[in-house]
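> Just the structure for this:
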Amino acid sequence: MSDNGPQRTAMNRRSFALGVAGVSAAAAFGPAALGSPAHAADRSSGSDRPGAFFEEQTLWDSVEGPLVSYHVHALAVLPDDTVLAVTEGRHEVCDAGPRDLLLRRSTDGGRTWEESRTLVASVDGESWGNPALVVDRRTREVFLFYMLSLRLPENTSCSGDSGDLYLISSRDGGRTWGEARHLAGLFDGFPYDWALHGPGPGHGLQLRSGRLLLNCLHRRVIVGNTVAERYYGVAPIHSDDHGATWQATGEVPVQVAYPINEARMVQRADGSVLVNGRAAAGGEGQRIVSVSEDDGLTWSQPALDGGTGSLNAVDASLLRHTGGPGGHGTDRLLFSRPDSPVRRNMTVSVSYDEGYSYRYSRVVNENRAFYSDLAHLSDGTVILLYGCDGDSASVPLRVNVCRFSLDWLTRGRDSLRHGPRYRETVVALAATDREVTGGGVVTTVGDPLARGGGERLVLTPAQVGDTVRFTIRVPRTGEYELLLRHYRSADGGLVTVTVDDGSGLPAHAIDTTAQTAAGFDLAHLGTARLRAGRHTVRCAVTGPGRGGGTLLGLDSLSLIEAPGSADVRAEVVVDNDRLGFEVVSGSWPTATADPGFWSGNYRTAPAGSGTRKVRWRPVVPQDGEYEIQASYPPAATRASNAPYTVVQADGTTATVRIDQRTAGAADPRGGTWVSLGEYHLPAGLGTSVELTNDADATVAADAIRLLGPRT
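The predicted model follows:
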């Protein structure tokens, strides 16, 4: 295909060179909270160090055209710092409609860009999609994978039924590209009757061994199959001969509870490969993960993982920034996504523990945000390509590219010059000295996803109050943040965690019931000054979880020393279709007609005498003062006196009447929130919020959240 030449465009949006200002973000349940309702995309503020910078410009804009939409992207940086950005140019707002694959190229590290040019053109309505780039850093060849999507005649949806893989490559830094190769038959041996094979999207890996590895998603045809019957799954492809030939790896074990779809991979410092993907079924939830110990050939059983939070089911990016197998210096991973239950609030976070948790985060765009991909230059500059803005909830108005420094991302708490000054002691609880009180039984379970040496611990209590007590060793006297990685299952119980020996940390309550499927989650226990030597950590089953179970699953306890607190929201949210919500009486059908609700929907009931009731049961993490807020979609036909009743553990109640005709405070992540007041709440499941239809018009039940505790 022809090269249009080095025509370039200048920046047409934001460009910031940032200096020193502001203060650090807050710790979990501390005195302030990054990402709280007042937090905004503060691209030009924060505790940034001299030299921190952020620059942003638009690469494709559907207002300027010529196509109606640009959506689903790939990004790669070549060994000479040439940057390639690829997107789908859509002739229709449709996943299986006519689509071209478009390229923009930068030879100065993303500062300026050549004009957009078509690499793969739609002819007679062909639907070319899911671009994914893989760079062989040894040969300097770059491969662009993509899919031809086809719909059956009886398919009335906008998604393809089948899709085959294709490949083109460039040996001159993306200037020219070779003939297309059709990679047919790679997945014929799988037993799932998969018909659609989508590469990436985004980018693949070159492992330390030299192997090229690219995630591929798969499913059956849509026609005639329910979501559960489509067998969503991931089975990557790999090449050990620098891209001359490609073969399929084994699949992440296919399970209906883990419908993994668009995903990213990263090789951890220990050589294992992590895959982190969205749920194909949509909605909001935690990411699905699996690991491989043999360079991607076989994969562990999947699980949910709360390390990246709970967010919209959307393509997100995962990138090794520094360190890794055989690398030097700090291990850093980056993760980009709309940090919201809906597609808003594009955020980038950094991890120092190989993706088990993400410590610092920064909002890039608090408005609508969609698919993204990450890369970095040889000097450490981060490149983010993402869809953003517009009125549509499913496709972006434009595609932007950002350049920023690690200093900017972390507000000066980390840079390539001075490092994060981060030190972590990991206590593998399955291998730690312990004592069980009561009649409970402790067992260990082999699990490649467990951080503590491939095993996690399970306490099966004989009665409420059974406790497992661990003896941990603190390496040196100092200030530590304590991070507990635990396991959530359908039969998980309510646990209270206490740290003895004068730590000053309050008891912390956790419901280990799985939200939708089993997996790992994190609890930030707080910060305390600990003396060197032995300490005792107690985990007691204090009652059934919200699913009725009493099991306790534990993985590891991290003792973290760092100068800046982790960016964690001091909030607990319970939505109307999630764990902790119940319809107590009457009919409360779901709706989506009125904007302003949190996550995927809300529920309604007509005016009445109070015979219809719903209840939210949040887990209060620790004793303290909390503000309770409620979200609802405002409308002129709503009740002026919707009765929310806060029921506390001691039986006391307080009813607050809310005018649902008037909007509350909008959160960039979704919802419009009003305060129900401040309350002193005990840790655990003793507090609930109830809403009835004892009102003068239709009542909407959406979500509630706790902010705090106040200290």
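
> Would you agree residue 648 is in contact with residue 684?
No - at 11.4 Å, residue 648 does not count as touching residue 684 under the criterion of C-beta atoms under 8 Å. Where you see a C-beta, it was placed from the backbone N, CA and C, and this is true even at glycine.

> Between these two, which has more neighbouring residues?
residue 684 (21 against 15; other C-beta atoms under 10 Å).

> and the gap between the residue in the chain sticking out farthest from the centre and residue 643?
Among the C-alpha atoms of the chain, the one most distant from their mean position (C-alpha atoms, centre = their mean) is that of residue 609, at 41.7 Å. According to C-beta to C-beta, to the nearest Å, residue 609 stands 11 Å off from residue 643.

> Name the residues contacting each of these two.
Counting by C-beta atoms under 8 Å, 6 or more residues apart in numbering, the contacts common to residue 609 and residue 643 are residue 694.

> Mind listing what's buried along stretch 301-315?
By neighbour count on 16 or more other C-beta atoms under 10 Å, the buried set for stretch 301-315 is 302-315.

> Ok, stretch 484-498 next?
Result for stretch 484-498 [16+ other C-beta under 10 Å]: buried residues 484-489, 491-498.

> ok, of the residues you listed, which one's closest to residue 428?
residue 485 (10.1 Å; C-beta to C-beta).

> what kind of secondary structure is that closest one in?
Under DSSP: H, G, I helix; E, B strand; the rest coil, residue 485 falls in the strand class.

> Mind pulling up the pLDDT for it?
Residue 485 carries a pLDDT value of 98.

> contacting residues around it?
356-357, 451, 520-522, 554-558.

> what about the residue farthest from the centre of the chain, which helix or strand?
For residue 609, there is no enclosing helix or strand under DSSP states H and E.

> Quick check: it touching residue 694?
Yes - applying C-beta under 8 Å, one finds residue 609 in contact with residue 694, separated by 6.0 Å.

> how does the chain divide into domains?
8-420, 424-561, 571-710 (automatic domain parsing).

> Now do the last one, average pLDDT.
Averaged over domain 571-710, pLDDT sits at 97.

> What's the end-to-end length of that domain?
Taking C-alpha to C-alpha, to the nearest Å as the measure, domain 571-710 stretches 11 Å from start to finish.

> Equivalent analysis for stretch 92-111, please.
30 Å.

> buried set for that stretch?
94-107, 109-110.

> Check stretch 465-482 too.
Result for stretch 465-482 [16+ other C-beta under 10 Å]: buried residues 466-470, 472, 474, 480-482.

> cool, stretch 644-657 as well?
644-647, 656.

> what do you get for stretch 356-372?
Of the residues in stretch 356-372, 356-366, 368-372 count as buried by neighbour count, 16+ other C-beta under 10 Å.

> before we move on, back to that, so who does the residue farthest from the centre of the chain touch?
693-694.

> follow-up on the earlier one: which member of the buried residues of stretch 301-315 is positioned nearest residue 592?
For these, the nearest to residue 592 is residue 312 (14.7 Å; C-beta to C-beta).

> Please identify which pair of the contacts of residue 485 lies farthest apart.
Between all members of these, the farthest pair (by C-beta to C-beta) comes out as 357 and 554, at 15.6 Å.

> which residues does residue 581 contact?
Contacts of residue 581 (C-beta under 8 Å, 6+ apart): 574-575, 614-617.

> Show me the two of these that sit farthest apart.
For the contacts of residue 581, the farthest-apart pair by C-beta to C-beta is 575 and 615; their separation is 13.1 Å.

> Which one's more surrounded, the two?
Applying other C-beta under 10 Å to residue 575 and residue 615 shows that residue 575 carries more neighbours, namely 24 against 20.

> so how far is residue 494 from the more buried one?
20 Å.

> With residue 504 instead?
Residue 504 is 23 Å from residue 494, by C-beta to C-beta.

> and what of residue 584?
20 Å.

> can you give me the helices for the stretch 351-500 of the chain?
All helices of the stretch 351-500 of the chain, identified by DSSP state H, counting those that start in this stretch, fall at 406-410.

> Can you list the low-confidence ranges for it?
452 (pLDDT under 70).

> how about a cut-off of 90?
Along the stretch 351-500 of the chain, the model assigns pLDDT under 90 to residues 452-453, 500.

> In it, mark out all the strands, start to finish.
Assigned by DSSP state E, counting those that start in this stretch, the strands in the stretch 351-500 of the chain fall at 360-376, 382-388, 398-404, 423-428, 434-437, 441-446, 455-460, 467-474, 478-488, 493-499.

> mind listing what's buried in the fourth one?
Buried residues in strand 423-428, defined by neighbour count with 16+ other C-beta under 10 Å: 424, 426-428.

> cool, stretch 627-647 as well?
Buried residues in stretch 627-647 (16+ other C-beta under 10 Å): 627-635, 638-639, 642-647.

> start to end distance for it?
End residues of stretch 627-647 are separated by 14 Å (C-alpha to C-alpha).

> Repeat that for stretch 304-324.
Stretch 304-324 end-to-end distance (C-alpha to C-alpha) = 23 Å.

> one step back: nearest to residue 704 among the buried residues of stretch 356-372?
residue 366 (22.3 Å).

> burial measure for the spatially closest residue to that closest one that is not a sequence neighbour, as a count.
Leaving aside its chain neighbours, residue 366 sits nearest to residue 668 (3.7 Å; criterion: C-beta to C-beta, 6 or more residues apart in numbering). For residue 668, the neighbour count with other C-beta under 10 Å is 20.

> got it, and residue 152?
Quick note: residue 152 (other C-beta under 10 Å) scores 14 neighbours.

> That one and residue 223, how far apart?
In terms of C-beta to C-beta, residue 152 sits 5 Å off from residue 223.

> quick one: common contacting residues for those two?
Common neighbours of residue 152 and residue 223 (C-beta under 8 Å, 6+ apart) are residue 161.

> From residue 573, how far out is residue 272?
From residue 272 to residue 573 the distance is 32 Å (C-beta to C-beta).

> Compare these two (neighbour count), which wins?
Higher neighbour count among residue 272 and residue 573: residue 573, with 22 against 18, using other C-beta under 10 Å.

> what about the more buried one, which helix or strand?
strand 571-575.

> Buried ones in the next helix or strand along the chain from that strand, by neighbour count?
Sequence-wise, the next helix or strand beyond strand 571-575 is strand 581-585, with elements assigned using DSSP H and E. Neighbour-count burial for strand 581-585, counted by 16+ other C-beta under 10 Å, picks out 581, 583.

> Give the next helix or strand downstream of strand 581-585.
strand 590-591.

> can you put the buried residues of strand 423-428 in TSV and add distance to residue 289?
What follows is the buried residues of strand 423-428, written out as TSV (distance: C-beta to C-beta, whole Å):
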residue	distance to residue 289
424	20
426	18
427	21
428	19
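
> tell me the secondary structure for residue 229?
helix.

> tell me the contacts of it?
residue 220.

> and if you look at residue 337?
308, 311-312, 314, 316-317, 346-347, 372.

> Which residue ranges of the stretch 601-711 of the chain form strands?
602-605, 613-616, 624-631, 642-647, 653-658, 665-666, 672-681, 688-692, 699-701, 703-710.
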